[in-house]
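> With the sequence up front, the predicted model follows.
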Amino acid sequence: MARRPEVTGRKTTHTDDADAYGIEEFCARHRISRQLFYKMKALGMMPATFKLGTRVLISREAAAAWRRARENAAQAVAERVA
């Protein structure tokens with residue numbers, strides 16, 4: 001009888017080409033705290049999320065659109081100041 005591999009309880013490592021990010025991973029990639037994420041999410045200033053089981057995820061496309069929107073907003077503020 002074949003032996004089953006030992007279950008270690010470790011989560012699989014995420015690759016850079018993941019289709020979706022968990023909240024922790026999104027925050028780490030953008031160097032923001034989870035607290036800031038949830039504050040800004042309440043204000044509607046974070047990317048759209050979806051649930052998969054109990055996990056809350058952000059698609060790669062939503063994250064990219066959010067970054068573009070933040071960059072455009074920063075550029076608009078800079079142009080008004082200049």
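Looks like it came in fine.

> Contacts for stretch 29-43, please.
Stretch 29-43 is contacted from outside by Tyr21, Ile23, Glu24, Phe26, Cys27, Met46, Thr49, Ala63, Arg67, using CB atoms under 8 Å, 6 or more residues apart in numbering. Using the backbone N, CA and C atoms, a C-beta is placed for each residue, glycine as well.

> Farthest pair within those?
Taking CB to CB as the measure, the contacts of stretch 29-43 span a maximum distance of 17.7 Å, between Glu24 and Arg67.

> Looking only at neighbour counts, state which of these two leads.
Arg67 (13 against 10; other CB atoms under 10 Å).

> which residues are in contact with the helix or strand harbouring the more buried one?
Under the criterion of DSSP states H and E, Arg67 resides in helix 60-81. If you take CB under 8 Å, 6+ apart as the criterion, helix 60-81 is touched by Ala18, Asp19, Ala20, Tyr21, Phe26, Arg29, His30, Met46, Pro47, Ala48, Thr49.

> What residues sit buried inside that helix?
Within helix 60-81, the residues scored as buried using 16 or more other CB atoms under 10 Å are Ala62, Ala63, Trp66.

> Tell me where this protein has strands.
Assigned by DSSP state E, the chain shows strands spanning 20-22, 50-52, 55-59.

> TSV please, covering the ones you listed and showing distance to Leu36 and mean pLDDT.
Below are these laid out as TSV (distance: least, CB to CB, whole Å; pLDDT from 0 to 100):
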stretch	distance to Leu36	mean pLDDT
strand 20-22	16	97
strand 50-52	21	96
strand 55-59	15	97
